[in-house]
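In: no FASTA, just this:
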């Protein structure tokens, strides 16, 4: 079945540091890939997405590129801010599975001033 | 403003009691979903509905029930059969079409057992 694997956390960075959060996936079809962000005590917000191989999703300085050859969708940001502190979830939606999302376990990012 | 609302924000359940969590959306979405979030486990799908009067079990449906009598509403009942109900519950919706599969989430309900 479909699965998403995220790197182990938590991650703690200083403000303006470079961020990479790894995500790899297993899917039987041609999935769309997503990054969601969850701020403390809130629901999830869509951060970015990519629907086909080599697509790059981007939003708020975050980027991720859909790499079919390595089945990866790593999240990057060149300079993190304290306000980026949150939990980040990688997810996939297999086009043959009624739009159900499969989530990774999430990773907590803390950014120090 | 279009969006998804969940109520209440906090809910307390006594032993043997059924409780119902509300989820309403005004996005005109066909599909709605319920997830359970536990620390360190990500989100797990409880039930989903792709159209009014139809719903399917997700990965952890035991001890839960749902209904979908109206397009905008998808309430979740946590029954007394759910022995470990303490969790954060998230409702989501999507247009339900293969090319519009992005899910939008509500703010969540935290359920605690007394």
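Out: Ah, there it is. Only a predicted model underlies this, so the values are computations on that prediction, with no experimental measurement involved. Numbering: from 1, shown residues only, chains lettered A, B, ... in the order given.

In: all contacts plus neighbour counts: C-alpha atoms, from now on.
Out: OK.

In: what about residue B:44, distance to residue B:37?
Out: 7 Å (CA to CA, to the nearest Å).

In: Residue numbers of chain B in contact with chain A?
Out: Selection of chain B residues close to chain A by CA under 8 Å from any CA of the partner chain yields B:40-44, B:90, B:96-98, B:101, B:103-108.

In: which of the residues in stretch A:52-67 are buried?
Out: Judged by neighbour count (16 or more other CA atoms under 10 Å in any protein chain shown), stretch A:52-67 contains these buried residues: A:53, A:56, A:57, A:58, A:62, A:63, A:64, A:65, A:66, A:67.

In: Neighbour-wise, which one of the residues of chain B next to chain A leads?
Out: residue B:108 (28 neighbours; other CA atoms under 10 Å in any protein chain shown).

In: Leaving out sequence neighbours, find the closest residue to residue 72.
Out: In the absence of a named chain, chain A is used. Distances taken as CA to CA, 6 or more residues apart in numbering or on different chains place residue A:24 nearest to residue A:72, at 4.2 Å, with adjacent residues excluded.

In: You answered for a different chain; I wanted chain B.
Out: In space, not counting the residues next to it along the chain, residue B:72 is nearest to residue B:25; the distance is 5.0 Å by CA to CA, 6+ apart.

In: One more: residue A:74?
Out: Computed as CA to CA, 6+ apart, the closest residue to residue A:74 that is not its neighbour in sequence is residue A:22, at 4.5 Å.

In: For chain A, see how far away residue B:66 is.
Out: In this structure, residue B:66 lies at 17 Å from chain A, with CA to the nearest CA, to the nearest Å as the measure.

In: Spatially nearest residue to that residue (excluding sequence neighbours)?
Out: residue B:76 (4.8 Å).

In: before we move on, the earlier item: any idea of the mean pLDDT for whatever helix or strand the residue nearest to residue A:72 lives in?
Out: Secondary-structure element containing residue A:24, defined by DSSP states H and E: strand A:23-26. Per-residue pLDDT values over strand A:23-26 give a mean of 96.

In: Just the residues of chain B next to chain A: which are in strands?
Out: Of these, the ones assigned to strands by DSSP state E are B:43, B:44, B:90, B:104, B:105.

In: Wait, residue A:50 touches residue A:68, no?
Out: No: Residue A:50 lies out of contact with residue A:68 (CA atoms under 8 Å); the separation is 11.5 Å.

In: Compare these two and say which is more crowded by neighbours.
Out: residue A:50 (20 against 15).

In: Could you report the distance from that one to chain B?
Out: For residue A:50, the distance to chain B (CA to the nearest CA) stands at 11 Å.

In: Burial check on residue B:59, number of neighbours?
Out: Neighbouring residues of residue B:59 were enumerated by other CA under 10 Å; the total is 11.

In: cool, residue B:77 as well?
Out: Neighbouring residues of residue B:77 were enumerated by other CA under 10 Å; the total is 16.
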